[in-house]
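[1] Below are the sequence and a predicted model; questions follow.
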Amino acid sequence: MAESTASHDFLEHLAARDFAGLASTLSPDVQVRLLLPRGLEEYSDRDAVVRRIEGWFGTASVFDLDSSTAEPIGSRQRLSWRFRVVRDGHTQEVVEQVAFLTLGSGGIDRMDLLCSGFQTELSPEA
């Protein structure tokens, strides 16, 4: 899987909340470390990773991709994305994540992700 294609596909599926498609970009035994506001989580199973990501974004009533980047950094790929979301029906939040990927022939073999957490969107006058 070419680096630019794997990165592009991952971001495309994530932005579309196409979790089956997202799973197809990950190796079956993908190794994932997530540094989240409440601490570190580690997974070594594609289905568990997809369930975790779906738990963050799957039920949002508003889910808009605000920005994203993809670029190589040595032998890895750096991805970032920022979403504006509404998860409780009325509070707009923003969340940004940065991931470093190691890619293999079966897709993404390793991911190290840092998450900002869901932050309440401040009004311009705040």
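    Alright, I've got the coordinates.
[2] how about the CA coordinates for the longest helix along the chain, as CSV?
    For the chain, the longest helix by residue count, based on DSSP state H, is helix 3-16. Provided in CSV are the C-alpha atoms of helix 3-16 (Å, rounded to 0.1, in the frame of the first residue of the first chain):
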residue,chain,number,x,y,z
GLU,A,3,2.2,5.8,1.7
SER,A,4,0.2,8.6,0.2
THR,A,5,-2.7,6.3,-0.7
ALA,A,6,-2.8,4.7,2.8
SER,A,7,-2.8,8.1,4.5
HIS,A,8,-5.3,9.6,2.1
ASP,A,9,-7.7,6.6,2.5
PHE,A,10,-7.4,6.7,6.3
LEU,A,11,-8.3,10.4,6.4
GLU,A,12,-11.1,10.0,3.8
HIS,A,13,-12.7,7.1,5.6
LEU,A,14,-12.4,8.9,9.0
ALA,A,15,-14.0,12.1,7.7
ALA,A,16,-16.8,10.1,6.1
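[3] Give the rounded mean pLDDT of the following helix or strand past it.
    Following helix 3-16 in sequence order, the next helix or strand is helix 19-24 (DSSP states H and E). In this model, helix 19-24 has a mean pLDDT of 97.
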